[in-house]
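Colleague: I need the structure of the sequence given here:
(3 chains)
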Amino acid sequence: MPELPEVETTRRGIEPHLRGRRIADLILRDTRLRWPVSPEIANLAGREIVAVARRGKYLLLELDRGHLIWHLGMSGSLRILPRGTPPAPHEHVEIELDDGQALKFRDPRRFGALLYSAEDPLAHPLLASLGPEPLGDEFDAGYLYRRCRGRKVAIKNLLMNSHVVVGVGNIYASEALYLAGIRPGRAAGRISKPRAARLVDAVRAVLSDAIAHGGTTLRDFTRADGKPGYFRNELKVYGNTGACPACGAPVRQAVIGQRATYYCPACQT
DNA sequence: CGAGGGACCTGGTTGC
DNA sequence: TGCAACCAGGTCCCTC
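Modeller: Got it, this is the predicted structure:
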């Protein structure tokens, strides 16, 4: 479900409610997430939440001692609700706060993950080898062009590879390639330097714009306050079974790397 | 090292 | 109406 804009929207939604609060209680209803949730996490009561950061699609809850690393997987969402609100279906984890509120994690498909890291979370094996942030300085035309050299994979798959750049999932990969005028199936190694530059700009633009709209709600994504994200209305090709908004040609649907892909056969080469 | 595919899950929608 | 098949915003891990 969530790509970078949805995770960032979640971060911004929960952070004001969590910063400076203490964990009153931590309830693990179902520990069968992507990896089993360590029972020691239930022992974090009393710790203070100092900050909520994000790295790629991972949320990092910095505690006064240690960190929680949270990934929403495909169907996970975090909401702030009053303590005592009856748990929704698939609400696997709840962090009760010392001010009467609670952070509730719902994840029907259980592809999400919740890990505890006593050390620097960025050194955790899952995070250590991640590529640069797409909205940071390191992600530029030279970098992307270099990473494309000699690669035969479709540029869309390369964009979605978190070891190349983090945060770009299936929706925004299609959207960014549309904006850049590049066919999603084009071999990464056949992307010219100017096209790499256009693609970097497109990725940044699409993600920033989506964050500004509170992310994209297709089905079950909800923000921390329960409202949907409105970027869905801005999507140009993803899920578009009609005409290209620029030239009117029928938007084409294909499967690339086992994922649904949308593009305009006229605008994208 | 790179490419490709399966695996992990549940629920909603589609089609016979 | 009933039920099987298919699809979904992620990403790790295995094989070749």
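Colleague: quick one: contacts of the helix or strand hosting residue A:146?
Modeller: Assigning secondary structure by DSSP states H and E places residue A:146 in helix A:141-148. With contacts defined as CB atoms under 8 Å, 6 or more residues apart in numbering, helix A:141-148 is touched by A:131-132, A:155, A:158, A:164-165, A:188-189, A:191, A:193, A:196-197, A:199-200. Yep, even glycine has a C-beta here, placed from its N, CA and C like the rest.
Colleague: switch to 7 Å and redo it
Modeller: For helix A:141-148, contacts defined as CB atoms under 7 Å, 6 or more residues apart in numbering pick out A:132, A:158, A:164, A:188, A:189, A:191, A:193, A:196, A:197, A:199, A:200.
Colleague: now stretch A:163-175
Modeller: Residues contacting stretch A:163-175 (CB under 7 Å, 6+ apart): A:3-4, A:56-57, A:129-134, A:139, A:147, A:156, A:158-160, A:176, A:184, A:203, A:206-207, A:210, A:216, A:235-238, A:259, A:261-263.
Colleague: Give me the buried subset of the residues you listed.
Modeller: A:3-4, A:56-57, A:130-134, A:139, A:147, A:156, A:158-160, A:176, A:184, A:203, A:206-207, A:210, A:216, A:235-238, A:261-263 (16 or more other CB atoms under 10 Å).
Colleague: Next step: the residues you listed restricted to helices.
Modeller: Using DSSP state H, the members of those that fall in helices are A:4, A:147, A:156, A:158, A:159, A:176, A:203, A:206, A:207, A:210.
Colleague: Quick check: bridge partners of residue A:25?
Modeller: When assigned by DSSP bridges, residue A:25 has beta-bridge partners residue A:96.
Colleague: Neighbours of it, how many?
Modeller: Close neighbours of residue A:25, defined as other CB atoms under 10 Å, add up to 15.
Colleague: Which residue ranges of the stretch 51-200 of chain A form helices?
Modeller: A:125-128, A:141-148, A:155-159, A:170-180, A:193-212 (DSSP state H, counting those that start in this stretch).
Colleague: who wins for proximity to residue A:31 among the ones you listed?
Modeller: Closest to residue A:31 of the helices of the stretch 51-200 of chain A, according to CB to CB: helix A:125-128, at 17.7 Å.
Colleague: Any part of the closest one near DNA strand B?
Modeller: No: for helix A:125-128, no contact with DNA strand B is found by CB under 7 Å from any atom of the strand; the gap never falls below 14.3 Å.
Colleague: who in chain A is up against DNA strand B?
Modeller: A:32, A:34, A:75, A:89-90, A:108-111, A:150-153, A:219, A:258.
Colleague: For the stretch 51-200 of chain A, which segments count as strands?
Modeller: Using DSSP state E, counting those that start in this stretch, the strands found in the stretch 51-200 of chain A span residues A:58-63, A:67-71, A:77-82, A:91-97, A:101-106, A:113-117.
Colleague: And for residue A:17, the neighbour number?
Modeller: For residue A:17, using other CB under 10 Å, the count is 18.
Colleague: doesn't it fall inside a helix?
Modeller: Yes: counting by DSSP: H, G, I helix; E, B strand; the rest coil, residue A:17 is part of a helix.
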